[in-house]
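Student: have a look at this prediction, sequence included:
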Amino acid sequence: MKPHTGTRTLETPRLLLRRYREDDAPFMFARWCGDPAVTEHLTWPAHASLDVTRTVLADWIPRYDAPEYYHWAVTVKGLDGPVGDIAVVKLTGGDDISVRCGEIGWCLGRAFWGQGIMPEAFRAVRDWLFDEAGFTRLCAGHAVANPKSGRVMMKTGMTRIGTARQAGIDNTGIVDMVLYDLLPGDPRL
Ligand SMILES: CC(C)(COP(=O)(O)OP(=O)(O)OC[C@H]1O[C@@H](n2cnc3c(N)ncnc32)[C@H](O)[C@@H]1OP(=O)(O)O)[C@@H](O)C(=O)NCCC(=O)NCCS
């Protein structure tokens with residue numbers, strides 16, 4: 001099994017995916033962390049103030065020292081500050097059992113929805129995790145009431161596994177989750 005790589009900078013035609021920096025906080029708060037419309041189907045509530053975003057970021061940044069920490073700020077070339085977030089939110093398996101599975105989570109500032117930004121970001125993350133970081137399976141899930149996230153999964157070649165009842169909690173309560181996965185040999189759309 002390949003060693004973990006940690007979070008490396010990834011480039012796509014429109015985007016640069018990079019590590020977070022302290023000065024990202026105001027952009028994050030203004031674009032997505034403070035917006036309840038973005039967090040409606042996320043597990044964390046919208047940040048009440050920029051200080052909350054700063055505190056969260058101060059917790060994240062030291063984690064980049066760990067090679068198994070994969071967490072990118074999504075930036076658009078030519079635009080200051082990140083517009084969204086993509087990460088391995090849960091890692092399972094170990095070096096000893098030849099299984100390395102990553103659950104992917106993502107969110108994007110509302111002003112940037114509908115431009116194919118997250119599919120483009122996920123394609124880069126997917127290819128990195130499979131081809132360079134030794135992942136053997138990726139998975140993702142969305143609340144039944146949040147099909148726009150499912151569109152990202154479908155458009156990038158993930159396979160729908162089914163619906164797990166009452167399997168998630170988001171800011172609307174306990175929700176049924178539509179689950180998807182992807183293996184390294186699957187067609188990558
Ligand atoms: C899910 C999310 C990351 C998608 O990112 P994106 O870059 O907008 O993805 P796409 O451009 O491919 O759009 C995906 C779908 O969103 C929907 N959509 C597009 N623009 C929209 C808008 N302005 N308002 C509402 N929905 C919109 C469309 O159904 C689109 O699918 P289509 O391309 O087949 O028409 C983004 O909507 C988001 O951040 N949502 C809030 C956070 C969240 O739900 N995260 C995932 C939790 S599982």
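Tutor: Good, I have the coordinates. Numbering: from 1, shown residues only.
Student: and the residue of the protein closest to the ligand?
Tutor: Using Cβ to the nearest ligand atom, G114 is the residue of the chain that sits closest to the ligand, at 2.5 Å. Using the backbone N, CA and C atoms, a C-beta is placed for each residue, glycine as well.
Student: where along this protein do the helices fall?
Tutor: Here the chain has its helices, by DSSP state H, at 25-28, 36-39, 50-60, 117-131, 147-155.
Student: nearest to T172, of these?
Tutor: Nearest to T172 among the helices of the chain is helix 36-39; the distance by Cβ to Cβ comes to 10.5 Å.
Student: what lies in contact with the closest one?
Tutor: 32-33, 45-46, 107-110, 171 (Cβ atoms under 8 Å, 6 or more residues apart in numbering).
Student: average pLDDT for it?
Tutor: In this model, helix 36-39 has a mean pLDDT of 98.
Student: and for stretch 168-181?
Tutor: On average, stretch 168-181 scores 98.
Student: can you list the buried residues in it?
Tutor: 168, 170, 175, 177-181 (16 or more other Cβ atoms under 10 Å).
Student: pull the CA atoms of it into PDB?
Tutor: Only the C-alpha atoms of stretch 168-181 are listed here, as PDB (Å, rounded to 0.1, in the frame of the first residue of the first chain):
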ATOM      1  CA  GLY A 168     -27.500  11.000   9.200                       C
ATOM      2  CA  ILE A 169     -28.000  14.200  11.300                       C
ATOM      3  CA  ASP A 170     -28.000  17.600   9.700                       C
ATOM      4  CA  ASN A 171     -29.400  21.000  10.700                       C
ATOM      5  CA  THR A 172     -32.900  19.800   9.800                       C
ATOM      6  CA  GLY A 173     -32.700  16.800  12.200                       C
ATOM      7  CA  ILE A 174     -32.300  13.000  11.600                       C
ATOM      8  CA  VAL A 175     -32.300  12.300   7.900                       C
ATOM      9  CA  ASP A 176     -32.300   9.400   5.400                       C
ATOM     10  CA  MET A 177     -29.000   9.300   3.500                       C
ATOM     11  CA  VAL A 178     -28.500   8.400  -0.100                       C
ATOM     12  CA  LEU A 179     -25.100   6.700  -0.300                       C
ATOM     13  CA  TYR A 180     -22.600   6.500  -3.200                       C
ATOM     14  CA  ASP A 181     -19.200   4.900  -3.700                       C
END
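Student: tell me the gap between it and the middle of its chain.
Tutor: 15 Å (Cα atoms, centre = their mean, to the nearest Å).
Student: I am finished for the moment; much appreciated.
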